[in-house]
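[1] I need the structure of the sequence given here:
(one chain, ligands or ions: 1)
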Amino acid sequence: MNQKRIRRIVIAGGGTAGWMVAACISKIMGKILDIKLIESDEIGTVGVGEATIPTLVAFHRLLDINEQEFMAATQATFKLGIGFDNWRDRGLNYIHSFGITGTDHWTAGFQHFWLKGRERNLASDYGDYCLELVASLANRFAHLPRDGMNYAFHLDAGLYAKFLRRFSEGYGVKRIEGKIVEVKTNAESGYIESLRLDSGNDIEGDLFIDCTGFRGLLIGQALKIGYDDWSHWLFNDSALALQTESVGEPVPYTRSIAHESGWQWRIPLQSRVGNGIVYSSRYIDDEQAKQTLLGNIQGKILTEPRVIRFKPCQRQQVWSKNCIAMGLASGFLEPIESTSIHLISRAVSRLMQSFPSEGIQQSDIDEYNERSNWEIQHIRDFIILHYHVTQRQDSPYWRACREMKIPASLQHRIDLFRETGRVFRVPNELFAENSWVQVMLGQGLMPEQHHQVADLMGDAELANFLGTIKARIAKTVAQLPSHQAYVEQYCKAP
Ligand code: FAD
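    Residues are numbered from 1 along each chain as shown. Purely as a prediction, here's the structure:
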């Protein structure tokens, strides 16, 4: 294919994506590569994206990032899950938390024992059997030595990019301030040769990482790679974001509050709260969305509401020729399950695994693209689940969500769970059984039966089994410090 050795990496864009990619490549291969990152202060970043999932902890471990320093530098708090208010129906709430519920059982998932317990009046809420969920509601947190809690962070996106910039520059990344005005490609191969800046300088490279956000300057505008549009399944295409002062102690979970034609996020940091509303312009206009958001804000507003437009879509090929798109340039579904930052870390680790040092091979490109597509399709299904399985009928938006035809892969999972109580994680899929069960039950999907193995337990045995788990969790949580106290003490002593 293209046998040119890859030595010069050019990262276009310095948002969360650009700097995560720079940090990872420079830490792992910085000694043998020349890495440049171009960003434009004038254009700026999207400025949202502050809730993460536990894979970021692993990403930081890979980079040897000191967690206390990172948290202090980014005003971060801990996150144990997402609270969904009014999603199943108005007035009904649940939490999708990290971790596992109950215990692992090789024959049947814990939900089967819980379903049996519920039928016999021996079980309380499903969430009572999950450590992370109970700790979320109690607003407590600590790193636990054994069977620790599965956690992620809420962070300030702007501070995170700065933190990663310092880190990357420490490993030799050269930052170039400037606006890319032209992408120069080879007339024969179509490969990108250089990026022309507004200063007139040409930045040459062997491999280009497109992190230019929704613009997709290299992958879309120059290489003409289009999107698969998923707006027939995911109706939201707009968001309004603003920041407020904190009004109380930060809770260790993201709040997601459903409204008539979309939903609102609340992300508590140490110093402030990130807020926003995600909505469908097919159902409400920006002004209605703004009024809904402003009507549900706590605390003094620190920034003006800002409209962000997006298209729920996936780039048809995230790797084309010598350009790989990461972050928003590669596609975006919507922020409900905080998956975008995770996908950046997955993309860069996939690149590291397939790094084309001796030249780009089509087989590497095909493998990379196939794995990216596969990964995003499972996440897409999980996100659609939140909208489709709802009892809300109070607005055209929710009625359309209920009535839409969903992907066959998701329909199968829903049918399987409803009919049998079973759910199986596809190997390497991001969301495991715990997530699927919590969200399906939370959205009001109740199985019609449970696995017979749960019937083998008598009432006394089942009550003891469920009661022991619940009591152990309650005891552990009662001994945890408050989330706020823990964050303060943890960030004080890096
Ligand atoms: P951007 O932040 O847009 O950065 C693009 C970069 O490219 C900037 O540095 C810009 O200056 C540069 N650039 C663009 N054009 C040029 C040019 N011509 N010349 C030079 N430089 C250029 N993700 C999560 O994981 N959790 C969340 O909670 C979450 N919430 C979100 C909420 C909303 C409403 C939206 C829209 C997204 C959310 N995301 C979330 C996604 C998350 O914001 C992004 O994945 C993340 O910020 C990465 O963005 P990016 O770096 O790809 O793009």
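[2] how about the CA coordinates for stretch 406-425, as PDB?
    Extracted C-alpha coordinates of stretch 406-425, given in PDB (Å, rounded to 0.1, in the frame of the first residue of the first chain):
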ATOM      1  CA  ILE A 406     -35.400   0.400  16.300                       C
ATOM      2  CA  PRO A 407     -32.400  -1.600  15.100                       C
ATOM      3  CA  ALA A 408     -33.000  -5.300  15.000                       C
ATOM      4  CA  SER A 409     -30.100  -5.900  17.400                       C
ATOM      5  CA  LEU A 410     -31.700  -3.800  20.100                       C
ATOM      6  CA  GLN A 411     -35.200  -5.200  19.500                       C
ATOM      7  CA  HIS A 412     -33.700  -8.700  20.100                       C
ATOM      8  CA  ARG A 413     -32.200  -7.600  23.400                       C
ATOM      9  CA  ILE A 414     -35.400  -6.000  24.500                       C
ATOM     10  CA  ASP A 415     -37.500  -9.100  23.600                       C
ATOM     11  CA  LEU A 416     -35.000 -11.500  25.200                       C
ATOM     12  CA  PHE A 417     -35.100  -9.500  28.500                       C
ATOM     13  CA  ARG A 418     -38.900  -9.100  28.500                       C
ATOM     14  CA  GLU A 419     -39.600 -12.700  27.700                       C
ATOM     15  CA  THR A 420     -36.800 -14.400  29.800                       C
ATOM     16  CA  GLY A 421     -35.100 -11.900  32.100                       C
ATOM     17  CA  ARG A 422     -31.800 -12.700  30.300                       C
ATOM     18  CA  VAL A 423     -29.200 -10.300  28.900                       C
ATOM     19  CA  PHE A 424     -25.800 -11.100  27.500                       C
ATOM     20  CA  ARG A 425     -22.900  -8.800  26.900                       C
END
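[3] What residues sit buried inside it?
    Buried residues in stretch 406-425, counted by 16 or more other CB atoms under 10 Å: Ile406, Leu410, Arg413, Ile414, Phe417, Gly421, Arg422, Val423. Any C-beta I mention is one placed from the backbone N, CA and C, and that applies to glycine too.
[4] if I look at the residue most central in space within the chain, how far off is Glu39?
    Centrality entry for the chain: nearest residue to the mean C-alpha point is Thr339, 1.7 Å, by CA atoms, centre = their mean. Distance of Thr339 to Glu39, given as CB to CB, to the nearest Å: 24 Å.
[5] do Tyr151 as well
    From Tyr151 to Glu39 the distance is 30 Å (CB to CB).
[6] Alongside the ligand, which residues does the protein contribute?
    13-18, 38-40, 43-46, 48-52, 157, 179-180, 211-213, 215, 217, 239, 276, 278, 308, 310, 327-329, 335, 338, 340-341 (CB under 6 Å from any ligand atom).
[7] Could I have the buried ones of the residues you listed as ChimeraX selection syntax?
    Entered in ChimeraX, the line below selects the buried ones among the residues of the chain next to the ligand, by 16+ other CB under 10 Å:
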select :13,14,15,16,17,18,38,39,40,45,46,48,49,50,51,52,157,180,211,212,213,215,217,239,276,278,310,327,328,329,335,338,340,341
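[8] List the ones among the residues of the chain next to the ligand that fall in strands.
    Residues of these located in strands (DSSP state E): Ile38, Glu39, Ile180, Ala239, Gly276, Val278, Ile308.
[9] For the third one, give the beta-bridge partners.
    The bridge-partner assignment for Ile180, based on DSSP bridges, gives Leu197.
[10] wait, isn't it in contact with Ala12?
    Yes - contact criterion CB atoms under 8 Å: Ile180 and Ala12 qualify, at 6.0 Å.
[11] Give me the common contacts of these two.
    By the contact definition CB atoms under 8 Å, 6 or more residues apart in numbering, Ile180 and Ala12 are jointly contacted by Ile38, Leu195, Thr212, Leu217.
[12] Export these as a markdown table, with columns for distance to Thr185.
    Shown next, in a markdown table, are the shared contacts of Ile180 and Ala12 (distance: CB to CB, whole Å):
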| residue | distance to Thr185 |
| --- | --- |
| Ile38 | 17 |
| Leu195 | 11 |
| Thr212 | 16 |
| Leu217 | 13 |
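[13] Nearest to Pro268, out of these: which one, please.
    Taking CB to CB as the measure, Pro268 lies nearest Thr212 of the shared contacts of Ile180 and Ala12, at 30.1 Å.
[14] May I see the buried residues of the biggest helix by length in the chain?
    In the chain, taking DSSP state H as the definition, the longest helix is helix 362-388. By neighbour count on 16+ other CB under 10 Å, the buried set for helix 362-388 is 364-365, 368-369, 371-373, 375-388.
[15] just to revisit the earlier point, give me the subset of the residues of the chain next to the ligand lying in helices.
    Thr16, Ala17, Gly18, Ala157, Ser340, Ile341.
[16] Asn322 against Asp364, yeah?
    No - the criterion here is CB under 8 Å, and Asn322 misses it with Asp364 at 11.4 Å.
[17] The ligand: which of the shared contacts of Ile180 and Ala12 is nearest?
    Nearest to the ligand among those, counting by CB to the nearest ligand atom, is Thr212 at 3.9 Å.
[18] What are the phi and psi values at that closest one?
    phi -90, psi 20 (degrees, to the nearest 10).
[19] thought it was touching Lys179?
    No - if you go by CB under 8 Å, Thr212 and Lys179 don't touch, sitting 10.6 Å apart.
[20] Assign Ile284 to helix, strand or coil.
    The assignment at Ile284 comes out as coil when based on DSSP: H, G, I helix; E, B strand; the rest coil.
[21] need the contact list for it.
    Counted by CB under 8 Å, 6+ apart, Ile284 has contacts Glu260, Ser261, Gly262, Thr292.
[22] Would you mind measuring from it to the ligand?
    16 Å (CB to the nearest ligand atom, to the nearest Å).
[23] And for Trp233?
    Using CB to the nearest ligand atom, we find Trp233 at a distance of 17 Å from the ligand.
[24] for the nearest residue to that residue once chain neighbours are set aside, what are its contacts?
    Closest residue to Trp233 apart from its sequence neighbours, by CB to CB, 6 or more residues apart in numbering: Ile384 at 5.1 Å. By CB under 8 Å, 6+ apart, the contact set of Ile384 is Trp233, Leu234, Ile406, Pro407, Leu410.
[25] swap the cut-off to 6 Å and go again
    Trp233, Ile406, Leu410 (CB atoms under 6 Å, 6 or more residues apart in numbering).
[26] Would you convert the residues you listed into CSV that also reports secondary structure?
    What follows is these, written out as CSV (three-state DSSP):
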residue, secondary structure
Trp233, coil
Ile406, coil
Leu410, helix
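[27] So for the residue of the stretch 301-450 of the chain found nearest the ligand, what's the nearest residue that isn't a sequence neighbour?
    At 2.4 Å from the ligand, Gly327 is the closest residue in the stretch 301-450 of the chain, using CB to the nearest ligand atom. Distances taken as CB to CB, 6+ apart put Ala17 closest to Gly327, at 2.5 Å, once the chain neighbours are dropped.
[28] In contact with that neighbour, which residues?
    Contacts of Ala17 (CB under 6 Å, 6+ apart): Cys211, Met326, Gly327, Ile344.
[29] starting at the chain centroid, how far to stretch 264-279?
    Distance of stretch 264-279 from its chain centroid, counting by CA atoms, centre = their mean, to the nearest Å, is 15 Å.
[30] How far does that stretch stretch from one end to the other?
    End-to-end distance for stretch 264-279: 9 Å, by CA to CA, to the nearest Å.
[31] Give me the domain ranges for this structure.
    8-50+156-229+312-360, 101-148+383-478, 238-309 (automatic domain parsing).
[32] want to throw the ones you listed into CSV with distance to Gln68 and mean pLDDT?
    Formatted as CSV, these follow (distance: least, CB to CB, whole Å; pLDDT from 0 to 100):
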stretch, distance to Gln68, mean pLDDT
domain 8-50+156-229+312-360, 12, 97
domain 101-148+383-478, 11, 95
domain 238-309, 13, 96
